[in-house]
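>>> sequence first, predicted coordinates after that:
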Amino acid sequence: MLDRDISTSNCERSFSRRSVLKGALACIANQHAGKLLSATKPPNIVLILADDVGYGDLSCYGATAVHTPQIDQLATTGLRFTNAHSVAATCTPSRYSLLTGRYAWRDQGVEILAGDARSLIQPGTTTLANTLQSAGYRTALVGKWHLGLGAGKIDWNKEIKPGPCELGFDEAFFFAGTADRVPTVYIRNRRVEGLDPSDPIEVSYEHPIGHEPTGKLHPEMLRYPLTEGHDGTIVDGISRMGWMTGGHAARWKDEAMADRFTSEACTFIEHSQARPFFLLFTPSDIHVPHWPAPEFEGKSACGLRCDALNQLDWSVGRILETLRRCGLEGNTMVIFSSDNGPIVNDGYDDGSDRSLGMHRPAGALRGGKYSIYEGGTRMPLLVSCPGHVRQGVQPALFSQVDLLRSVSALCGAKVSNEAAIDSQSLPDVLTGRSLQGRTSLIEAANVLAIRQGKWKLIDHTQKAAPPHCATEDFECSSTMARNKSHSRPEASAQSARRADPECELYDLDADPGESKDVAPLAPELTKLLREALRVERSRKTVRL
């Protein structure tokens, strides 16, 4: 059982050569161990990336007002990570890093995207999907995408590419952006599903189009009021970001979305038993708008958001049951995590913020979505594969950017040295055979933060935009400005609570809630960490 934390002495060897060498040797050992595990029969991989689920949202992480028994099974049969992180506190950068093995802040325009944005990942880029595909895996994406599509203005009535199928997925059933953005249609592989050619789709994020009612002009038609943005075209009683006309036969029903995505995922599993498979399941729950199916609505003790959380738990349970029924449980690694921290009221006044009661979505952590504090980037991470993954608690420092090399090592897939430059190969951390995780990582939420052992430094002078994205670069700056206009700003509470100095420093072993800034007491350590962040930020990399 893994039931202890990394020792304080190990954490404090932040910058020593001995620590760096030890970490490098551990990585080499992990790589060999991973190959041995995959030498007999490559495991299937089911990666479930939930949306806006916080560190305190699951009962296996201490939640008491909401219960997630299906997700908790993964903690019971496998590993529960306590120090796992997303790269960013928002969805597009986080998902980009997970798939490419690169810190999102290195590359142009990797911010929250409009629903009609062009593809952020170019065909030919190494991704987790095409890496496993090259190793003989059958691959599929089911759920939210939000990484852009196409190479320019999208014609939604024709073949749409590049997209997931050009980046390593044999099959893809998804929507383009988020559930609160148009177009509100499903895409199967490269075409909108169920589209009536006589009712073509048109989408705009620049100006209103068509004659359909909008939330701005017809609030009386809405399922619940707006609080910020989201005042574009009304679809299914909910107004979205952006404007859309046409495609009525293809439009989704929000309350049926979870069942549709889950059914597609289970079907893929059922049809993929002849060879190893990789399923990236990205449900929309619990992102806004909150409209769970009738069997979940009103059933929780903490409002619509918790109802949607119960629905997510049900979806995970169906996938686990499908694996058992198909006899695949013993050779399938199931990984569950979230793309960023929680938020309760994100543009819709559905009462969730007033219904939480004692429930704390981020647990004891400070901040949430959009925030550089731990609540924005410390994620639930559960890994289960009976017979291959040990049971217990995994305290090792781990980042979702590491999944590309770590999973590839377990599956016997090759990754070139030039690709996935920020991903570390830590397969033995994923399986519980090692407690030696990362020695450091960098996180982003408008500004950057660096972790070294138990220390976390937030540098408010170092912005998350890539250093080569200068204001004089018209294409880069205009794209980022356009994307920002369709996203919520950094949570105001973060800047309001920030200390006056340029940096904040926290001892996360003693103060996981980041309540005491110790930068004034440790000027030398603060200086060293700032320099380490600056050096990593300026490191030359291959531009995608």
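Ah, there it is. Numbers count the residues shown, from 1 in each chain.
>>> helix, strand or coil for the residue located most distally from the centre of the chain?
Within the chain, the residue lying farthest from the chain centre (Cα atoms, centre = their mean) is Ser198, at 36.8 Å. Under DSSP: H, G, I helix; E, B strand; the rest coil, the three-state class of Ser198 is coil.
>>> next, count neighbours for Glu329.
By other Cβ atoms under 10 Å, the residues close to Glu329 number 19. All C-beta atoms are positioned from the backbone trio N, CA, C, and that covers glycine.
>>> ok, now which ones touch the closest residue in space to it that isn't next to it in sequence?
Nearest residue to Glu329 in three dimensions, chain neighbours excluded: Leu323, at 4.8 Å (Cβ to Cβ, 6 or more residues apart in numbering). Going by Cβ atoms under 8 Å, 6 or more residues apart in numbering, Leu323 touches Val46, Ile269, Glu329, Thr332, Val334.
>>> as a markdown table, the residues you listed with distance to Ala308, secondary structure and pLDDT would be great.
Shown next, in a markdown table, are the contacts of Leu323 (distance: Cβ to Cβ, whole Å; DSSP: H, G, I helix; E, B strand; the rest coil; pLDDT from 0 to 100):
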| residue | distance to Ala308 | secondary structure | pLDDT |
| --- | --- | --- | --- |
| Val46 | 21 | strand | 98 |
| Ile269 | 23 | helix | 98 |
| Glu329 | 27 | helix | 95 |
| Thr332 | 26 | strand | 98 |
| Val334 | 21 | strand | 98 |
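>>> what helix or strand does Leu98 sit in?
Element membership for Leu98 (DSSP states H and E) is helix 91-100.
>>> so which residues of the stretch 301-450 of the chain form helices?
303-325, 352-355, 374-377, 403-411, 427-431 (DSSP state H, counting those that start in this stretch).
>>> any chance of those helices in CSV, with distance to Asp107 too?
Output for the helices of the stretch 301-450 of the chain, formatted as CSV (distance: least, Cβ to Cβ, whole Å):
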stretch, distance to Asp107
helix 303-325, 30
helix 352-355, 34
helix 374-377, 18
helix 403-411, 15
helix 427-431, 26
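>>> deepest of these, which one?
helix 374-377 (a mean of 31; mean count of other Cβ atoms under 10 Å).
>>> could I have that one exported to CSV, CA atoms only?
What follows is helix 374-377, C-alpha atoms only, in CSV (Å, rounded to 0.1, in the frame of the first residue of the first chain):
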residue,chain,number,x,y,z
GLU,A,374,-3.8,24.9,-6.0
GLY,A,375,-7.6,24.8,-6.4
GLY,A,376,-7.1,25.7,-10.0
THR,A,377,-4.5,23.1,-10.9
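>>> so which other helices or strands are in contact with it?
Judged by 3 or more Cβ pairs under 8 Å, 6 or more residues apart in numbering; DSSP states H and E, helix 374-377 is in contact with strand 440-445.
>>> which residues are contacting the strand it packs on?
Taking Cβ under 8 Å, 6+ apart as the rule, strand 440-445 contacts 14, 85-90, 93, 103-105, 370-372, 376-377, 397, 399, 401, 448-453, 464, 490, 494, 532-533, 536-537.
>>> quick revisit: check which helices and strands the helix holding Leu98 is in contact with.
Packing partners of helix 91-100 (3+ Cβ pairs under 8 Å, 6+ apart): helix 128-134, helix 403-411.
>>> how far off centre is it?
Its chain's C-alpha centre and that of helix 91-100 lie 6 Å apart, by Cα atoms, centre = their mean, to the nearest Å.
>>> tell me the mean pLDDT for it?
For helix 91-100, mean pLDDT rounds to 98.
>>> still on that earlier bit, the helices of the stretch 301-450 of the chain: which one's closest to Thr233?
helix 303-325 (21.9 Å; Cβ to Cβ).
>>> please report how far Ile372 lies from Ala464.
Noted for Ile372: a distance of 9 Å to Ala464, by Cβ to Cβ, to the nearest Å.
>>> next: Leu365.
Counting by Cβ to Cβ, the gap from Leu365 to Ala464 is 20 Å.
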